[in-house]
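Visitor: Here is my input; please provide its structure:
(chains A and B)
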Amino acid sequence: MTRAKRLVRCGLVTLRRVLRGTASRAYMRWRRSIQVRVVTSTLFISAIVVAILGVFLMQQVSTALMDGKVKAARLQLDEGLAQVQRDLGNSTSPASEDGSRLNAVVNRLKARSGPSGLYEVYIRDTTAEYFDGYATNELRKESVPKRLRDEMKHAPGGARAYTYGKLTYVGGHPSERGLIVGGKSGQFELYYLFPLDQEQRTLTNVSRSMVGVGVVLVLLLAAIASLVTRQVVIPVRLAAQGAQRLAAGRLEERMRVRGEDDLARLARSFNDMAANLQEKIGELEDLSQLQRQFVSDVSHELRTPLTTIRIAADMLYENRDTFDDPAVGRSAELLQSQLERFESLLADLLEISRHDAGAATLDAESLDMRDLVLRVVGDIQGLAERKGSKVVLQLPGEPCMAEVDRRRVERILRNLVVNAVEHGEGEDIVVSVAADRDAVAVAVRDHGVGLKPGEGQMVFDRFWRADPARARTTGGTGLGLSISREDAQLHGGWLQAWGEPGVGSQFRLSLPRVAGAELRGSPLPLVPPGAGDARPLFAELEAGD
Amino acid sequence: MTGDRRTTLRLRHRRVRPAVAVAAVLVLCATGCANVPTGGQVVTGKPAEKAERVDDPYVRLIPVSPQPDWGPTQIVSGFLTASASFDDGHKVAKEYLSTPNAWDPGLRPYVDVLSSRTVDPHVDQTSANQATVHITGDQLGTIDSDGQYTAAPKSFEADFQLAKTQQGVWRITGLPGNDKAGLFLTKDDVERAMRTVNLYFFAPDEHTLVPNGIFLPVVDRETLPTQLVQALLSGPTSWLNGAVQSAFPKGTRLRGGSVRIDKDLAIVDLTQEARGGNVERMSAQLSWTLRQLSEIKRWRLEIDGETVTPDGSDATQSVHSWDGNSPDGQDPDEQVRQTAYVAATAGFIGTLQGDHAQPVVTGAAGRLSHPAVSPNYQELAGLSTDGRQLVTTGPVAGSPSIHVLLNAHKGARFTAPSWSRDGTLWTVESTPKASWLWVRRPGKAPVKAGHWGLGGRQVLAFHVARDGVRAAVIVRIDGRPEVQMGRIATTPDGSLDVGSFLPVSSELQDAVDLAWRDYDTLAVLGRAKRDSQTLPYLMPVNGSAITSMGVGALGEPRTIAAAPGSPVLIGTWSSGKDQVCRQRPPVTSYSQWICPTPARDPSYAH
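Guide: As a prediction, the model looks like this:
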């Protein structure tokens, strides 16, 4: 019992799901396809038009049929009444003889009613006391409706009237609809009753064929609409596909031009546009290629003189105490420090131009992220102590293995930790590591000035500084975070920043465990737990965007 | 140059294509639009079938229920009128009775046929709550519950007992003739509400069918087949009982009580008693009986629900099969023209070929009157010129010697000899006061029939029908010749019983001669009620109206000959000469009589 109920419920659920699925699919098709929309509306509208037309036509046909029938019936009645008038008209004979004469009249009228029962006759003598007239064949007198009898009763002699009613019969003959015409001649009332089954059959046939024709017509219209829209939609669809491919970067995509119509014009304009676009993008690509090449070349070209300058500057620096003028010694020191800065800037420029050129390659190996973090933090320990900050490590107990490029990840981590120390205002730096099935993450938290709203994204811009007033002397080249981000992206990972003024900031590096795998989420939250406002200043921002 | 031409061509193509399309649409419109045709080929149809059918249109009387203020006489009049309506089992007539269900005339009632409805009801005796209404009238005859009409003109009286019910209205408590639930109908009522139909039974030769006309009330056309078959199963009427046999074993009934009709197919399902009967003969009887209904074209015989197939036929039989069992002894569709024999004035007996008599028998035998050739064409019977000797001769060729078979008594004459199809020779010897029927079986001596129903009357003509069971006579009753029909039966002791003569029609006041045209019709020379001249008439044996044949002067017609599918011949005495007349073709009831042959006493072999 319960099992059956469950089965039924299960079936119902499945059915509902299937229905809903079909409905939603249909709705999707409706939304997506002009053709479906056009065909559906054509179907709908033409069905309405055909239905209206059909009803109108049917009315016309049935009116015409009935008019003809009524006319014929009245003629028949006139003839019958004339016969009655002739045979019985001025009868003064006793009622009994009338009876037999009436009988004879009915026999004559019957003879004309035809073997197939074209009509039935009912005649009554209003003065007869013991019988209610004569009817032909199986006709019951109830077939003449009371309203027509009453009409006849009160009508003057020679009056005629007709109505529609139901003809009923004695025996097993089923009743049918009929036209009933009645007339009065002296004391006699004569009714002709015409079964309308032939007309009904004609009407049924006509309506059936009309429905058939209507359905065919509607389907034909829908097919025509479908054909016509196909002629329009297919080129449009091709154009859409072309545009999609174009957008996906396949600039060589072109539409086929056929004929001279509007669609051909569309195709031609599309092709012109695509050609222009390809040309411009090519130019731009060439230009940026040129620029990157230029930067790379400049960096390379600068290296050789820099090396010479560096040797000279080293010499000057080593001998700074030998200069008479202390200012010269000071200059040598200055020269030395700026040269170091220049060198690192040059290295960063080279690195970033390599990224831009797409020449950066991943040299992935399986490493424990904890080791990397420990190593970087160990390197930075001195700087942190100088700044008065303490680096707190939150490492998981088990190894966090991931396929990463050691050099690049170390560079990212170093960048993040150095940044944190520099902007940490002497507060504690928290470095946490976490891993899940697919990804590993390292978050670096400081409690410094934090980031203003919107700066979370800007920190990754090249040569961006949090405080423009701050001297260029402090801090790095301004390319560190950009390069870090490029490195993270090279791994298929994310590098994101969160910050709030006065609360500090947190940078999170999330990397997939397997190099090149897609990253779906991070094991660590971007906003550190308990960091004031639960509402993040900006939602998770994917590094790729 | 060529390029130019190509462009113009293409241009023309372009202009032409829409024009073609428009033309096509117009043509489609013109043909597709509904129109009554104004021409076309001639459509032929088959001629309408035989005019009068059992299920022809009919007229019903619509009865009225008793009114509350009617007195006893009105109640009786209303009841008599209402009993003419068979609708719903006399539902309205029963309303006149105090105990409606005690009276049920059913579908085969006993009927007293009255001449008119004025039965002059008057109250005989009355108290406050009781009344007796006495009616008087003229009775024409009765219809038995088996449908047999018997003419019995007499004056008629009956008493109705009435009582006032608790509602204060008069109702009939006692009907006259309580033993039979009879109806009192006028002649008009019977003509309107009842049909004469033929039931078919087998003659003693077990091959030829004999029609048995009965009166059947028409309730509605859908139950007619059932009524017909039920009447057939219940056997022949008292008139033919003993003279014919039914192939249906006793006790056979319709299973389910009705014949099933499916469009033009009738399914006759009999109870299992029918297994004892001969399927072929039962089929023949049913086929001939059912073919009177125009709606039924095919039928199927079932016994106890199983379809039965007669030998040499399909399970579904046409109603026109079994023509070999025709009462006429031949297929009605074959229309074999029979040879007519005449006694030529030139003194020979010859066959009629065209307008001329071709001599066959000459010499002494050629001078016989009323020659009749036996069905096997081997023997010729005739009368001497004065009609007092019955003579046979054979063979029917050359000048054979004659052989006197019978000599009439003093003052008696023989009627024209008549052969039945089994080779029996019949003639009636008749004086104005008495008559004897002589029968000569093939190869035997003539004997008097054991029972002869018209022994005390003068018989003017005697002809056996082709079925050998019925005989038509012209008999003088109360000084007036009348056409009557009787039946030939064989009593268990082997003697012949020819009797049960009933008048066929009352429309003729005089009759001279008659012949069987077919099993349903007699050709009669007679005088209709208002005529002064003797003329040929076709007289249906079921008693329906007679019709006259042909137009034109015939002189003084004396003899008539007829056969199925052959022209009617009349021997007449005109301008002092014997002539044989026939109708100018095509033979209709309006075609003229012509008398080109100088001869007398035409006859057909059978």
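
Visitor: tell me the contacts of whichever residue of chain B sits closest to chain A?
Guide: Distance from chain A to each residue of chain B (C-beta to the nearest C-beta) is smallest for B:Asp220, at 3.2 Å. The C-beta positions use only the backbone N, C-alpha and C, and glycine is treated the same way. Contacts for B:Asp220 (C-beta atoms under 8 Å, 6 or more residues apart in numbering or on different chains) come out as A:137-138, A:169-173.

Visitor: again, 10 Å this time
Guide: By C-beta atoms under 10 Å, 6 or more residues apart in numbering or on different chains, the residues touching B:Asp220 are A:137-138, A:169-173, B:55, B:58, B:60, B:86-87, B:227.

Visitor: Assumed it was part of a helix.
Guide: No: read with DSSP: H, G, I helix; E, B strand; the rest coil, B:Asp220 is coil and lies in no helix.

Visitor: The contacts of B:Asp220 in helices, which ones?
Guide: When DSSP state H is applied, these are split such that B:Gln227 fall in helices.

Visitor: Can you tell me which one of the contacts of B:Asp220 sits lowest on pLDDT?
Guide: Across these, the smallest pLDDT goes to B:Asp55, namely 71.

Visitor: ok, back up a step: please tell me how far the residue of chain B closest to chain A sits from A:Ile352.
Guide: 110 Å (C-beta to C-beta, to the nearest Å).

Visitor: quick one: which helix or strand includes A:Met210?
Guide: A:Met210 belongs to helix A:197-247 when elements are defined using DSSP states H and E.

Visitor: Can you give the domain ranges for the chain?
Guide: Chain wasn't specified; assuming chain A. A:1-30, A:73-201, A:364-512 (automatic domain parsing).

Visitor: think we crossed wires, I meant chain B
Guide: Chain B breaks down by automatic domain parsing into domains covering B:72-193, B:194-325, B:340-604.

Visitor: Which among those domains is found nearest to A:Pro525?
Guide: domain B:194-325 (87.7 Å; C-beta to C-beta).

Visitor: distance between the closest one and the chain's centre?
Guide: Mean C-alpha position of domain B:194-325 versus that of the full chain (C-alpha atoms, centre = their mean, to the nearest Å) differs by 17 Å.

Visitor: Now do the end-to-end distance for that domain.
Guide: 27 Å (C-alpha to C-alpha, to the nearest Å).

Visitor: Please apply the same query to stretch A:22-42.
Guide: 21 Å.

Visitor: What of stretch B:485-496?
Guide: One end of stretch B:485-496 to the other measures 16 Å (C-alpha to C-alpha).

Visitor: buried stuff in that stretch?
Guide: For stretch B:485-496, the buried set under the neighbour-count rule, 16 or more other C-beta atoms under 10 Å in any protein chain shown, comprises B:485-489, B:496.

Visitor: next one: stretch B:129-138
Guide: Result for stretch B:129-138 [16+ other C-beta under 10 Å]: buried residues B:131, B:133-135, B:137.

Visitor: Tell me if that stretch is near chain A.
Guide: No: using C-beta under 10 Å from any C-beta of the partner chain, stretch B:129-138 never reaches chain A; the gap is at least 11.7 Å.

Visitor: could you give the mean pLDDT of that stretch?
Guide: For stretch B:129-138, mean pLDDT is 87.

Visitor: Please apply the same query to stretch B:592-606.
Guide: The predicted model gives stretch B:592-606 an average pLDDT of 86.

Visitor: swap in stretch B:110-126?
Guide: 78.

Visitor: how long is it from one end to the other?
Guide: Using C-alpha to C-alpha, first and last residues of stretch B:110-126 are 29 Å apart.

Visitor: Likewise for stretch B:500-512?
Guide: 21 Å.

Visitor: and if you look at stretch B:456-476?
Guide: Note: stretch B:456-476 ends 10 Å apart using C-alpha to C-alpha.

Visitor: I'd like the distance from that stretch to the chain centre, please.
Guide: Per C-alpha atoms, centre = their mean, the centroid offset for stretch B:456-476 relative to its chain is 17 Å.

Visitor: Same check on stretch B:363-382?
Guide: Per C-alpha atoms, centre = their mean, the centroid offset for stretch B:363-382 relative to its chain is 30 Å.

Visitor: So for it, what gets flagged as buried?
Guide: Quick answer for stretch B:363-382 (16+ other C-beta under 10 Å): B:365-375, B:377, B:379-382.

Visitor: where does chain B have low pLDDT?
Guide: Within chain B, the segments meeting pLDDT under 70 span B:1-34, B:45-53, B:118-119, B:178-181, B:330-337, B:606.

Visitor: the strands in the stretch 451-600 of chain B, which residues?
Guide: Counting by DSSP state E, counting those that start in this stretch, the stretch 451-600 of chain B has strands at residues B:451-452, B:458-464, B:470-477, B:480-490, B:496-503, B:508-518, B:521-528, B:535-540, B:547-548, B:556-563, B:566-574, B:577-583, B:593-597, B:599-604.

Visitor: just the stretch 301-450 of chain B next, same as before
Guide: Using DSSP E, counting those that start in this stretch, strands in the stretch 301-450 of chain B cover B:306-307, B:316-318, B:340-344, B:349-353, B:356-361, B:369-373, B:380-383, B:389-393, B:402-407, B:413-414, B:418-419, B:425-430, B:435-440, B:447-448.

Visitor: rewinding a little: now neighbour count and distance to B:Ala528 too, for the contacts of B:Asp220, in JSON lines please.
Guide: Below are the contacts of B:Asp220 laid out as JSON lines (neighbours: other C-beta atoms under 10 Å in any protein chain shown; distance: C-beta to C-beta, whole Å):
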{"residue": "A:Asn137", "neighbour count": "22", "distance to B:Ala528": "31"}
{"residue": "A:Glu138", "neighbour count": "23", "distance to B:Ala528": "35"}
{"residue": "A:Tyr169", "neighbour count": "21", "distance to B:Ala528": "39"}
{"residue": "A:Val170", "neighbour count": "20", "distance to B:Ala528": "37"}
{"residue": "A:Gly171", "neighbour count": "15", "distance to B:Ala528": "38"}
{"residue": "A:Gly172", "neighbour count": "11", "distance to B:Ala528": "42"}
{"residue": "A:His173", "neighbour count": "17", "distance to B:Ala528": "39"}
{"residue": "B:Asp55", "neighbour count": "21", "distance to B:Ala528": "29"}
{"residue": "B:Tyr58", "neighbour count": "20", "distance to B:Ala528": "26"}
{"residue": "B:Arg60", "neighbour count": "26", "distance to B:Ala528": "30"}
{"residue": "B:Phe86", "neighbour count": "23", "distance to B:Ala528": "32"}
{"residue": "B:Asp87", "neighbour count": "21", "distance to B:Ala528": "36"}
{"residue": "B:Gln227", "neighbour count": "22", "distance to B:Ala528": "33"}
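
Visitor: out of the buried residues of stretch B:363-382, which one sits closest to A:Glu365?
Guide: B:Pro375 (131.3 Å).
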